[in-house]
Structures are given as structure tokens and as C-alpha cells.
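# sequence isn't available, so here's the structure alone:
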């Protein structure tokens, strides 16, 4: 993409316009459509369930990966294509290995800790309901820890990821 094209894309984003779903096409009822709802791939549950140890296990995901790939392939073969796809429910089963849960939807930064499980609620790219700037959560995962930091879109664009996080990424 050329610099001129990038500038054009950036300008459209600032104007809150997305060519994939133009407002004039999506603001009025155009007739029936369908979407696909998938739920609970819950990677790791099938092994845990089969061994009768649902409090543990969760370390083998092959069956769930195969089924999820099958679901994607089936959706990709549909004609006409669905308007969109939603995946909800439990994504993984291996809760004992989870240290941090990330979410959004609150449109402001928030979070807390309960029994060694951190909950991080990341503010929005779009509409802000708090004082946080429009932004993104950068998450670095190492063998020892998970480090996350919220950056405003301007800050991330102008300065990039801070040195201490980059140092963690570069470690092998």
C-alpha cells in the first residue's frame, strides 16, 4: 500500500467510515440474512471429560482443534456466505493454567484479582465511556509472566511499544 493509500485509509478511519459495511448499505433493512453462532470450543475439555477429571486435564487440544477447523471449513463452503460469525462461550478448559483473563466491552480500563487470577478489562478502540483514550492493550507473554499495558492509539502510532516490553519479547 502506498503512503497516499495509507493516508486515505487513515482519513476514512478518522471519519468512522469502513468500506466493508458502508453506512448507506447497512442502515436500512435489505431483507433476510443469516449469521453463524458457534459456542464452546473449550479446548482441553474433551480429554478432561473422557478421563473423568474435569478439574484438571485440558492439556491436549487435538480433538477440539480438528473440530474447530472442520467448523471453519464448513462455514467457508456455504453459499451464500453468512453476514458474520460469532464465537462465544468457553474458549479453553485449562483454567488452572490461566493467569490472566482479558476482555473488553466495558469501554474503559478496569480489572481486579481474585485467587491469583487477574481480570483485565481493556478500553475500546471506539467509543469511550470513561476517561481512557482510544487505544489497544499490548500483551507480552513469556515463560515466567504475562505483562500487559494499555496504549492510546496516538501513543502506539508515534512511539511504538516501550523498551521494557520489547526487551521481554526479544528474550529467548
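Looks like it came in fine. These numbers come from a predicted model, not from an experiment. Residues are numbered from 1 along each chain as shown.

# OK, contacts around the residue nearest to the spatial centre of the chain?
With distances taken as CA atoms, centre = their mean, residue 103 lies nearest the centre of the chain, 8.0 Å away. Residues in contact with residue 103, defined by CB atoms under 8 Å, 6 or more residues apart in numbering, are 119, 120, 121, 122. In this view, the C-beta of every residue, glycine as well, is placed from N, C-alpha and C.

# for the second one, what is the enclosing helix or strand?
Translated: residue 120. In this structure, residue 120 sits in strand 117-121 according to DSSP states H and E.

# buried set for that strand?
120, 121 (16 or more other CB atoms under 10 Å).

# ok, now stretch 38-48?
When neighbours are counted by 16+ other CB under 10 Å, the buried residues of stretch 38-48 are found to be 41, 42, 43, 44, 45, 46, 47, 48.

# please convert these to a markdown table, extending it with secondary structure.
Putting these into a markdown table (DSSP: H, G, I helix; E, B strand; the rest coil) gives the following:
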| residue | secondary structure |
| --- | --- |
| 41 | coil |
| 42 | coil |
| 43 | strand |
| 44 | coil |
| 45 | helix |
| 46 | helix |
| 47 | helix |
| 48 | helix |
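
# I'd like to know which of those residues is nearest to residue 63.
Ranking the buried residues of stretch 38-48 by separation from residue 63, with CB to CB as the measure, puts residue 46 on top at 4.5 Å.

# ok, the residue lying closest to the closest one once chain neighbours are set aside - how many residues close by?
For residue 46, the nearest residue in space outside its immediate sequence neighbours is residue 63; the separation is 4.5 Å by CB to CB, 6 or more residues apart in numbering. Using other CB atoms under 10 Å, residue 63 has 14 neighbouring residues.
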